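**Q** Got a sequence here, can you model it:
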Amino acid sequence: MEGETVMKKSALMVYVAVMVVVAAAAAVVMVFPAPVEPAFGIELDPCKLPKCISECKKALQEKYMSATCAMGAQKKFCICLG
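**A** Predicted coordinates:
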């Protein structure tokens, strides 16, 4: 009987410790959210990288990070990341 009580208390302590860690992690995510980076496509056919870069810079302004050309189902697209 005493062994079962000790096991139940230990299990409860482990459960509480895990819940505290999960709550702390959730609090950190809520207080310090990661920045969201926008990504979108612009239809450019044919997509040439210099034109793609200039269109992305125009759309994203100071948030511009990178641009690349990609092939879609039927046309080429410019993918912008900011």
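
**Q** quick one: the strands in the protein?
**A** 39-43, 66-71, 76-81 (DSSP state E).

**Q** Throw the ones you listed into TSV and include distance to Ala59, mean neighbour count and mean pLDDT, thanks.
**A** Where you see a C-beta, it was placed from the backbone N, CA and C, and this is true even at glycine. Shown next, in TSV, are the strands of the chain (distance: least, Cβ to Cβ, whole Å; neighbours: other Cβ atoms under 10 Å; pLDDT from 0 to 100):
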stretch	distance to Ala59	mean neighbour count	mean pLDDT
strand 39-43	7	13	89
strand 66-71	10	14	92
strand 76-81	6	19	90
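
**Q** mind giving me TSV with these and columns for distance to Ala11?
**A** Converted to TSV, those look like this (distance: least, Cβ to Cβ, whole Å):
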stretch	distance to Ala11
strand 39-43	45
strand 66-71	50
strand 76-81	47
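
**Q** Compare those and report which one is nearest to Thr5.
**A** Nearest to Thr5, of all these, is strand 39-43, at 55.4 Å by Cβ to Cβ.

**Q** Give me the contacts around that closest one.
**A** 52, 55-56, 59, 70, 72, 75-82 (Cβ atoms under 8 Å, 6 or more residues apart in numbering).

**Q** Quickly run through the sheet partners of it, with directions.
**A** strand 76-81 (antiparallel) (DSSP bridges).

**Q** will you turn the contacts of strand 39-43 into CSV that also has distance to Ser10?
**A** Shown next, in CSV, are the contacts of strand 39-43 (distance: Cβ to Cβ, whole Å):
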residue, distance to Ser10
Cys52, 60
Glu55, 61
Cys56, 57
Ala59, 57
Ala70, 55
Gly72, 57
Lys75, 62
Lys76, 61
Phe77, 57
Cys78, 59
Ile79, 53
Cys80, 54
Leu81, 49
Gly82, 50
